[in-house]
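K.L.:
no sequence for this one, just the structure:
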């Protein structure tokens, strides 16, 4: 069962086989899982920076909140550049940061992030 598909003036053959929905579902699952993994990795890297590099941050709340925003944006860009879902990546980066990173922030950083992000 093959049909001719015309898209923007070009004709390409498109065949819909019995396994096509399973291929689409598998591609969807891979995109979601890799996007979650990218967000998780970026968040864990920032959490380790907050834990082991306190000498760089110097307990400055503005710097800490800026790094949180920057990490979310960089994870989004990396995911989009690799062809995965940037929104899912940023969502799971934020979830992971809110769960793990709050314990490694200074008191002024916690206060600043609660003021700006809540």
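P.N.:
Received, thanks. Bear in mind the structure is a predicted one, so any value in this text is a computation, not a measurement.

K.L.:
Going along the chain, name the strands of this protein.
P.N.:
With strands called from DSSP state E, the chain shows them at 2-7, 10-15.

K.L.:
mean pLDDT lowest for which of those?
P.N.:
Lowest mean pLDDT within the strands of the chain: strand 2-7, at a mean of 54.

K.L.:
Okay, now the unreliable bits of this structure?
P.N.:
For the chain, applying pLDDT under 70 flags the ranges 1-13.

K.L.:
buried residues in the longest helix belonging to the chain?
P.N.:
Scanning the chain for the helix with the most residues, using DSSP state H, yields helix 20-52. With burial defined by 16 or more other Cβ atoms under 10 Å, the residues of helix 20-52 counted as buried are 34-36, 38-43, 46-47, 49-50. C-beta coordinates here come from the backbone N, C-alpha and C atoms, glycine included.

K.L.:
give the contact list for the spatially most central residue of the chain.
P.N.:
In the chain, the C-alpha nearest the mean C-alpha coordinate belongs to residue 89, at 1.8 Å (Cα atoms, centre = their mean). Listed by Cβ atoms under 8 Å, 6 or more residues apart in numbering, the contact set of residue 89 reads 35-36, 38-39, 42, 75-76, 78-79.

K.L.:
could you dump the residues you listed to TSV with distance to residue 66?
P.N.:
Below are the contacts of residue 89 laid out as TSV (distance: Cβ to Cβ, whole Å):
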residue	distance to residue 66
35	24
36	25
38	21
39	19
42	15
75	15
76	16
78	18
79	20
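
K.L.:
how close does residue 95 sit to residue 19?
P.N.:
In this view, residue 95 and residue 19 are 34 Å apart by Cβ to Cβ, to the nearest Å.

K.L.:
Quick check on these two: which one has the bigger neighbour count.
P.N.:
More neighbours surround residue 95 than the other of residue 95 and residue 19, with 14 against 9 (other Cβ atoms under 10 Å).

K.L.:
Please name the residues that touch that one.
P.N.:
Taking Cβ under 8 Å, 6+ apart as the test, what residue 95 contacts is 39, 43.

K.L.:
Tell me the spacing between it and residue 65.
P.N.:
For residue 95 relative to residue 65 (Cβ to Cβ), the value is 17 Å.
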